[in-house]
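Q: sharing a sequence plus its predicted fold:
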Amino acid sequence: MALFFSKTNKFLEMIEEYLQKVTECMEQAQKTLFLYIEKGSCEEFDGLVAKTHMAESCSDDLRREIEISLYEKALMPESRGDILGLLETVDKIPNKAESVAFQIQIEAIRIPDEFKSELRKIININFGIFEDIKRAIRAVFKNIKEVRRITNEIDKKESSSDSMERDLIRKLFSSDIDIGEKILLKELIIEIGSISDKAEDTADRLNIMAVKRLI
């Protein structure tokens, strides 16, 4: 099934620009979390939280611009719903990254040294998964037979993240730290882990789009 009208190239450029903006948000948020683990609350951390918010806002602005373009006949009408749904699903990933940064800033959660290494690993796998989402999105427009292979990789990383989260929470509740701190850290771990859950939701939608276009 043909997907685009003559405005294809312009539309793909906008999608690529949007993916770049989301990447900037994810990288900024990851940098913010790592700084907090290293230094805790400080002026530099607050500055990075603000930059994360700004990057997320920029990606939102561009997403809305793309959505408007969808109604200017850049795509075949039957494709608009798929693209709109995809954009809405992708948007939840930087939203969650931003909310984790805000959560740490507001709650000023203390992170004991004994948990820092595992927490960094969970952050790495959850923020790094957006690189796979980008590859899958590009594939759905340019090499649709690759979509399934890439989304399988995303599923495996999401499962790995779940396992790492359970291990760290188990270690957390076996420790001697205050119960209040345990609860706050558990919630933080789960929130970071939900980034890969949202990536998995996006992968599911991309698989459906791929199947529809292969029929």
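A: Thanks, I have it. All values derive from a computational prediction rather than experimental measurement.
Q: and residue 42, what does it touch?
A: When contacts are counted by C-beta atoms under 8 Å, 6 or more residues apart in numbering, residue 42 touches residue 35. For glycine as for every other residue, the C-beta is placed from the backbone atoms N, C-alpha and C.
Q: and it, its phi and psi?
A: phi -160, psi 170 (degrees, to the nearest 10).
Q: same thing with residue 110?
A: Main-chain torsions, residue 110, degrees, to the nearest 10: phi -80, psi 130.
Q: that one reaches residue 181, doesn't it?
A: Yes: with contacts counted by C-beta atoms under 8 Å, residue 110 reaches residue 181, the gap being 6.0 Å.
Q: neighbour count for the two, which is higher?
A: The neighbour count for residue 110 versus residue 181, taken as other C-beta atoms under 10 Å, is higher for residue 181 (15 against 12).
Q: quick one, grab the pLDDT at residue 119.
A: Predicted confidence (pLDDT) for residue 119: 98.
Q: count of residues packed around it?
A: Count around residue 119 with other C-beta under 10 Å applied: 20.
Q: which parts of the chain are strands?
A: With DSSP state E as the criterion, the chain has no strands.
Q: how about low-confidence regions in it?
A: Within the chain, the stretches with pLDDT under 70 are 1-8, 73-78, 215.
Q: in it, which residue is closest to the centre?
A: Residue closest to the mean C-alpha point of the chain, counted by C-alpha atoms, centre = their mean, is residue 93 at 3.1 Å.
Q: which residues touch the residue nearest to it when sequence neighbours are not counted?
A: Counting by C-beta to C-beta, 6 or more residues apart in numbering, the nearest residue to residue 93 once its immediate chain neighbours are dropped is residue 198, at 4.9 Å. Contacts for residue 198 (C-beta under 8 Å, 6+ apart) come out as 89, 92-93, 96.
Q: now render those residues as JSON lines, adding distance to residue 60.
A: Compiled in JSON lines, those are given as follows (distance: C-beta to C-beta, whole Å):
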{"residue": "89", "distance to residue 60": "14"}
{"residue": "92", "distance to residue 60": "12"}
{"residue": "93", "distance to residue 60": "12"}
{"residue": "96", "distance to residue 60": "14"}
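Q: tell me the one among those nearest to residue 38.
A: Lowest distance from residue 38 to the contacts of residue 198 (C-beta to C-beta) belongs to residue 96, with 22.0 Å.
Q: give me the neighbour count for the residue nearest to residue 87 when sequence neighbours are not counted.
A: Among residues not flanking residue 87 along the chain, residue 63 sits closest, at 5.4 Å (C-beta to C-beta, 6+ apart). Around residue 63 there are 21 other residues, counting by other C-beta under 10 Å.
Q: hmm, residue 17 and residue 63 touching each other?
A: No: applying C-beta under 8 Å, one finds residue 63 not in contact with residue 17, separated by 10.4 Å.
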